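Asks: how would this look folded up:
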Amino acid sequence: MTSLIPMNLWNLENLLVLNLASNSFSGDIPTTLTKSISIEVIDLSYNQITGNISSIIAASQSLAYLDLSKNWFIGSIPPSCGDLKGLSGVWTYHTITCLYLNLSFNDLFGEIPSGGPFVNFSSRSFLENKALCGRPKYGVPPCMTQKSKTTHPVLTYVLPSIASTVILIALIYMITWYRKRKRGKSTTVEQLTTVEHSRISYQELRRATNDFCESNFLGGGSFGSVYKGILSNGTTIAVKILKLEMEGAVKSFDAECKVWRTIRHRNLVKIITTCSSPEVTALVLQYMSNGSLEKWLYSHNYCLSILQRVSMLIDIASALEYLHHGQAEAVVHCDVKPGNILLDEVMVAHVADFGLAKILAKYKEETQTRTIGTLGYVAPEYGSAGKVSKKGDVYSFWIMLLEIMARKKPTDEMFAGEVTLRQYWINVSIPDNVLEVVDAGLLSIEEGRDMNATESILVSILEIGLTCSEEVAEDRMDIKDVVPKLKKIKLALQH
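Replies: Coordinates of the predicted model:
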């Protein structure tokens, strides 16, 4: 969606949740808004909204969840933000209390408040802004102290003029960049990928991976093997070597390069560079220190909590939402499964392996292909008609949701028989027997929680999954509608 946010939307006094994430909304937020005492959640992330955030803060005194990341907001964080009852954890609605704020990737400057709810936030709430300052825990430089201000009184007169000049230059640059971006919105993926990236040589990859030694081997995918490596500058990387002798491998490599070079999302594994030489064709990827979700699900030493699992489902759904709706041309993953979900050092989930990705032409909802994903995770229409669409990814997401909650693969003998996997969960599990089929380890670490409340939450999660599992692709829930439902469940879990 591309337009201005309707003005009357801001005047809905009884609005509880406002989720406009991952669109192309632009323009300023009105300077004066009707004060809403009801709104709990505002998510405007991944848009092109400009202006000052103070009007949002002033109008929303009961916020429990505020995400304004990946926009063009300017100005400082108003001190009144420290008074928000919802963000401070004092405000409660239907037994839900939340502590979430994300202002990353904007043009904010000035001091980050240190009182109120801000004692609960970390540097991840304020990444990549213009000139924020404050306490070291926020990952920003310290603010100028009063002593340093009085020691150099000449700066009082010099800085304003310098700042004005810098701001003027920045505004001119932003306006020019925005106009170019607006004119180039119809650019195809093929045109976007003509930008040159700094490539890495085969010799550098050999040095980084210790000549691809076995101790650096991380695993294998449908089209190649992955190794851990360390570049000469100290950067830890993952190197995906493609098996060129396999039919379709070169095509897969080209598809991955084109997809990766057009995306920018916190829940997608980033591509650093590529290597294409007579000896090898490889992708150099961001290294994920905690490995795959599959490894964690079936670990004998660790059990993921419900909150961790729901957080990962939100991460995965957010990445798919961006691929499906955040691109000029929709991107279909085609192989969504726990083995293709990687976890970083703080257990944030990142979607990886675009070896089977298809870039759908504009205005075209599905394409024919002979390439399908992994047995057990593919949608019915993949096998019957070879049709690839966004709703196929939604179906695979459902299968993975079940696996995350039950710790059972879709090919497990538990699901053997004449009934379909969907019929099994409807007839046997939901809602009466949920506690009998979910991961027993999960229940053991949730013993301190009221079991009736736990069962209710598990039913809610699995019911979301069922809406993604309809046999007819068009009847499945869109992934962009899955995200807010999961976020609501996460809010309940954090109470």
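Asks: So in the chain, where's the weakest helix or strand by average pLDDT?
Replies: One helix or strand of the chain scores below all others by mean pLDDT, DSSP states H and E: helix 189-192, with a mean of 32.
Asks: following that helix, which helix or strand shows up next?
Replies: Next along the chain after helix 189-192, taking DSSP states H and E as the criterion, comes helix 202-208.
Asks: okay, that next one in CSV with CA atoms only?
Replies: This file holds the C-alpha atoms of helix 202-208, laid out as CSV (Å, rounded to 0.1, in the frame of the first residue of the first chain):
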residue,chain,number,x,y,z
TYR,A,202,38.6,-18.1,-4.1
GLN,A,203,42.0,-17.7,-2.4
GLU,A,204,40.5,-15.5,0.3
LEU,A,205,37.7,-18.0,0.9
ARG,A,206,40.2,-20.8,1.3
ARG,A,207,42.1,-18.8,3.9
ALA,A,208,39.0,-17.8,5.7
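Asks: Pairing partners for the next helix or strand after it, with directions?
Replies: Next along the chain after helix 202-208, taking DSSP H and E as the criterion, comes strand 217-220. If you go by DSSP bridges, strand 217-220 pairs up with strand 224-230 (antiparallel).
Asks: so which strand or helix has residue 319?
Replies: Per DSSP H and E: residue 319 is located in helix 306-325.
Asks: what residues are up against the most centrally placed residue in the chain?
Replies: When CA atoms, centre = their mean is applied to the chain, the residue found nearest the centroid is residue 267 (3.5 Å). The neighbourhood of residue 267, defined by CB atoms under 8 Å, 6 or more residues apart in numbering, consists of 315-316, 318-319, 322, 348-351. Bear in mind the C-beta positions are built from the backbone N, C-alpha and C, glycine included.
Asks: and of these, the nearest to residue 470?
Replies: Nearest to residue 470 among those: residue 316, at 19.5 Å, using CB to CB.
Asks: so which of the contacts of residue 267 comes closest to residue 112?
Replies: residue 348 (21.6 Å).
Asks: who's in contact with the nearest residue to the closest one once chain neighbours are set aside?
Replies: Spatially, and ignoring its direct neighbours in sequence, residue 348 is nearest to residue 315 (5.9 Å; CB to CB, 6 or more residues apart in numbering). The contact partners of residue 315, taken as CB under 8 Å, 6+ apart, are 267, 348-350.
Asks: can you pick the most crowded of those?
Replies: Using other CB atoms under 10 Å as the neighbour criterion, residue 349 leads the contacts of residue 315 with 26 neighbours.
Asks: Dihedrals phi and psi, it?
Replies: The phi and psi values for residue 349, taken as degrees, to the nearest 10, are phi -80, psi 140.
Asks: Show me this protein divided up by domain.
Replies: Domain assignment for the chain by automatic domain parsing gives 7-143, 151-185, 202-286, 293-493.
Asks: Going by mean pLDDT, which of the ones you listed comes out lowest?
Replies: Sorting the domains of the chain by mean pLDDT places domain 151-185 lowest, at a mean of 64.
Asks: Secondary structure element for the residue nearest to residue 308 when sequence neighbours are not counted, which one?
Replies: Excluding the flanking residues, the one nearest residue 308 by CB to CB, 6+ apart is residue 347, at 6.5 Å. Under the criterion DSSP H and E, no helix or strand holds residue 347.
Asks: Return the distance of the closest residue to residue 75 other than its chain neighbours relative to residue 68.
Replies: Sequence neighbours aside, residue 52 is the residue nearest to residue 75 in space, at 4.2 Å (criterion: CB to CB, 6+ apart). Residue 52 sits 11 Å away from residue 68, taking CB to CB, to the nearest Å as the criterion.
Asks: more crowded one of these two?
Replies: Legend: neighbour count by other CB under 10 Å for residue 52 and residue 68, higher for residue 68 (22 against 16).
Asks: residue contacts, the residue nearest to residue 390 when sequence neighbours are not counted?
Replies: Nearest residue to residue 390, sequence neighbours excluded (CB to CB, 6+ apart): residue 324, at 4.6 Å. Residues counted as contacts of residue 324 (CB under 8 Å, 6+ apart) are 330-332, 390, 393, 478-480.
Asks: hmm, 10 Å instead?
Replies: Applying CB atoms under 10 Å, 6 or more residues apart in numbering to residue 324 gives the contacts 22, 330-333, 360, 389-391, 393-394, 478-480.
Asks: for the residue nearest to residue 75, phi and psi?
Replies: Dihedral angles (degrees, to the nearest 10) for residue 52: phi -100, psi 140.
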